[in-house]
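Enquirer: Sharing a model prediction with you, sequence too.
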Amino acid sequence: MKLDALAFGAHADDVEMACSGTIIKLGASGYRTGVIALTRGEMATRGSAEIRAQEFAQSAEVMGLAYHRMLDIPDGRIEVTWENKIKIIQEIRTHQPRIVFAPYWVTRHPDHEQTSRLIREAAYLSGLKKLDTDQEPYRPYKVIFYQTRFEFKPSFIVDISDHHEQKMKAILSYQTQLSSPDFLDRIVTRDKQCGTYIGVKYGEPFLVHEALKIDDPVDFFGPEYLETIP
Ligand SMILES: [Zn+2]
């Protein structure tokens, strides 16, 4: 099944907290979206792997995903190995996403940091003809990084105002992981803060390695940019 956008997280709920508003928005626009968790989350303090799989499935429905899957990389032990790269390459070649989302590489949890590297390297390697997985080679157009623990200066912010309620529903699918109301407040506060940077109610920030190409700056910088000047 081909996808337009495929988001990778180390654990079920990583993508939901960071960028599910954007995933939901893309799905609502008619794009085919998917989320892959690299682990089954068996190291989490609360909830078994089985319960986390149920929560993951429920969240996938809320987000309107065309595809969701948990891989079997050990939780707490994600490493940039050839074996793990092949697992990611097989997923990328199967779904041929135009864009891939991965966690920002500067983060606190080692699993998130390793996931960031793993996805970036696998996305590149996936395009090599001589790397044989019995599939067609395929390289996504762009790897886009979402924010986890630490902030970055975003390359761009997506307006998720119309989809924020649905984002919170997706996060609430993970009942076992919700430690306190403060936790939800922090997500709302961060989304609001990002929204203010682009003059909307809620936003999600993203980072790309390379500069963005714009053909027509006159057309691109329309009146909405004027409103964001404080
Ligand atoms: Zn995580």
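Expert: Sure thing, it's come through. Residues are numbered from 1 along each chain as shown.

Enquirer: isn't Phe8 right up against Ile36?
Expert: Yes: taking contacts as C-beta atoms under 8 Å, Phe8 lies within contact range of Ile36: 5.2 Å. Yep, even glycine has a C-beta here, placed from its N, CA and C like the rest.

Enquirer: Tell me the spacing between the nearest residue to Ser173 once chain neighbours are set aside and the ion.
Expert: Nearest residue to Ser173 in three dimensions, chain neighbours excluded: Ser59, at 3.8 Å (C-beta to C-beta, 6 or more residues apart in numbering). In this view, Ser59 and the ion are 14 Å apart by C-beta to the ion, to the nearest Å.

Enquirer: returning to what we had before: who has more neighbours out of Phe8 and Ile36?
Expert: Ranked by neighbour count (other C-beta atoms under 10 Å), Phe8 and Ile36 place Phe8 first, with 27 against 22.

Enquirer: mind checking how far the more buried one is from Asn84?
Expert: 11 Å (C-beta to C-beta, to the nearest Å).

Enquirer: and if you look at Glu224?
Expert: Per C-beta to C-beta, Glu224 is found 41 Å from Asn84.

Enquirer: These two: which is more packed in?
Expert: A direct count of neighbours by other C-beta under 10 Å for Glu224 and Asn84 places Asn84 higher, at 19 against 11.

Enquirer: what sits in contact with each of Phe8 and Asn84?
Expert: Listed as contacting both Phe8 and Asn84 by C-beta atoms under 8 Å, 6 or more residues apart in numbering are Leu38.

Enquirer: tell me the strands in this protein, going along the chain?
Expert: 5-9, 33-37, 67-70, 99-103, 142-146, 156-159, 203-207 (DSSP state E).

Enquirer: same for the last one, what does it pack against?
Expert: By that I understand strand 203-207. The helices and strands touching strand 203-207, judged by 3 or more C-beta pairs under 8 Å, 6 or more residues apart in numbering; DSSP states H and E, are helix 14-28, strand 142-146, strand 156-159, helix 181-197.
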